[in-house]
Structures are given as C-alpha cells and as structure tokens.
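# below are the sequence and a predicted model for it; my questions follow.
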Amino acid sequence: SDSFALTSSVPPGGLGIELNPYTQISEDLEVGLTFGTLFLGQMNESYTDNTNINGGDAAITYNVITAGLSIRSEMVRLYKNKIKFFFEVDPSYYMTSIYTANSEVTSASPVTFFDFPLVTGNFTGSGIGARFKMGVDWKPIPNSIVSGFLGYQMAQIQGFGGKGTVPDGNGTGGTVDTPGQLMTVTGSTGTKIIFVPTGTVNPAASPLTLDRSGFILGA
C-alpha cells in the first residue's frame, strides 16, 4: 500500500528591532517616530512516499517592516530620576512580504494534497496596527539607559499580491509566471493557503490574513 512521511517545522516566535527617535514634549511625555523590522523565520515542510522516489518540499518566509508614531508617558520616577516607569502606545503601519517556494511547481504531476500553495514567488501586503507597552527605564550611568518592557501587539495584514511561478497546466513540468494573490480555503483537511491568479474568481476563497497579535517582551 502507498504511504508517505511528512515533516514540518514552524518558528516559535520572532525577533524585532526598532529605531525610535523622539522629542521631549514635557517632563512626563515623549513623542517620536518608530521604525522597525520583525524577523519571523521560515516555515518548512517536506514529504517522501514509501518508494523514496516521489517527494517534495516547500517553505514560506515572512518579513515585516513597521513605521509609525511613538507616544510615551513617564509618570513614576524613583531614585533621582534614575528609574522611570513608563506606558507607551505605538500606532504603526505594517508592511509585510511573504516568499513561498514549492518544489512541486516544476513537477509534471504536482501532489496537490501537500497543502502548501502551489506557487513560487514573492507577495506583499499591509495593514494598520499598534503596540502597547509597559516597562521601566534604568539610568545606571550618565548618557545611558537600559529598558525592559512587556506589551501587547494588535496587527492584521491582508492583501498579499504579487507575481508567482505556477505549473503551465500541460502536464510536462513547464511553468508560467502570472500575477495573483494568496488566499485561503477551508476544506476537509483544514484551512490552507492557495494562489489565485488575477482575473480568476474562487467563491470559496478568503483573503489571506497574517495575524501578528499577541504578547511581546523586549529590552
């Protein structure tokens, strides 16, 4: 009988880096800009059937860039202002790129049950969100600050469009480049990402949504 082995890996979290130029509006209030990037890592999946002849692999890579405002209130100060407790709100615009790679694109008989989008290409989307932070600034020596914070991020990114490489439909392993967008459909195996070419209507499909909401911890 036929059988196959499926292996997958998903990054448990991401690393974010921010640049935050600001101006002091008052003793307790700072207003500035925030620019950042978030490295989410790569999701991988591969399969091999029992003949060790047929197989495939796919990967999805995410990159997020943010730009927005930063509003920080420092209401509690201790030890001659060397320790400051703050609350911060960062409304931001999220720009996201998703790169998908699927080896089945060049296969004469693509394995559709693989449930990865049958496309290789780069797609971009955007959305509005915000980060809420509570933390403490510590000034151990002049001209230096060490900070730590706990917060929550609310952000949803949609509209992932771009140009992808897909099978040409002739059954020979040939490919064609075509514009389109990534969407999702729900079926008996759950929800999966699909590629919908421009001008094609799939009534069962919904826009792909990347939900970046959740708790954040940083320094």
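Perfect, thanks for sending it.

# so where's this protein uncertain?
1-9, 49-55, 111-114 (pLDDT under 70).

# and the strands in it, which stretches?
4-9, 15-19, 22-26, 29-49, 55-78, 83-102, 120-138, 146-167, 175-187, 190-197, 206-207, 210-211, 214-218 (DSSP state E).

# nearest to residue 109 among those would be which one?
When these are compared by CB to CB, strand 146-167 sits nearest residue 109, at 9.6 Å. Placement of C-beta: from N, CA and C, glycine included.

# distance of the residue in the chain sticking out farthest from the centre from residue 72?
Within the chain, the residue lying farthest from the chain centre (CA atoms, centre = their mean) is residue 80, at 41.4 Å. Residue 80 is 20 Å from residue 72, where distance means CB to CB, to the nearest Å.

# same check on residue 145?
The gap separating residue 145 from residue 72 is 12 Å, by CB to CB.

# who's more crowded, these two?
residue 72 (22 against 11; other CB atoms under 10 Å).

# now stretch 136-144: buried residues?
Neighbour counts over stretch 136-144 (16 or more other CB atoms under 10 Å) mark 137, 139 as buried.

# and the contacts of it?
Stretch 136-144 is contacted from outside by 74, 81, 82, 83, 84, 85, 86, 145, 146, 147, 148, 149, using CB atoms under 8 Å, 6 or more residues apart in numbering.

# can I get the residues you listed in CSV with distance to residue 189?
Converted to CSV, those look like this (distance: CB to CB, whole Å):
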residue, distance to residue 189
74, 51
81, 58
82, 57
83, 53
84, 52
85, 49
86, 46
145, 50
146, 48
147, 45
148, 42
149, 40
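
# filter the residues you listed down to the buried ones and hand me the ChimeraX line.
Only the buried entries of those go into this ChimeraX selection, using 16+ other CB under 10 Å:
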select :74,84,86,149
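
# contact partners for the residue nearest to residue 25 when sequence neighbours are not counted?
The spatial neighbour of residue 25 that comes closest, neighbours along the chain excluded (CB to CB, 6 or more residues apart in numbering), is residue 31 at 5.3 Å. Contacts for residue 31 (CB under 8 Å, 6+ apart) come out as 22, 23, 25, 69, 70, 71, 72.

# from those, pick the one nearest residue 188.
Nearest to residue 188 among the contacts of residue 31 is residue 69, at 45.1 Å by CB to CB.

# ok, that closest one - contacts?
By CB under 8 Å, 6+ apart, the neighbours of residue 69 are 31, 32, 33, 34, 90, 91, 92.

# center of the chain - which residue?
The chain has residue 62 as the residue nearest its centroid, 4.6 Å off, counting by CA atoms, centre = their mean.

# how near is that one to residue 207?
For residue 62, the distance to residue 207 - CB to CB - is 16 Å.

# now swap in residue 198 and tell me
Using CB to CB, one gets 14 Å for the distance from residue 198 to residue 207.

# which one's more surrounded, these two?
residue 207 (13 against 10).

# which residues touch the residue lying closest to the more buried one once chain neighbours are set aside?
Spatial nearest neighbour of residue 207, excluding adjacent residues (CB to CB, 6+ apart): residue 158 at 4.9 Å. Applying CB under 8 Å, 6+ apart to residue 158 gives the contacts 125, 127, 207, 208, 209, 210.

# can you name the residues that contact the residue nearest to the last one when sequence neighbours are not counted?
With CB to CB, 6+ apart as the measure, residue 157 is the residue that lies nearest to residue 210, at 4.4 Å, once sequence neighbours are left out. Residue 157 makes contact with 64, 94, 96, 125, 126, 127, 209, 210, 212 under the criterion CB under 8 Å, 6+ apart.
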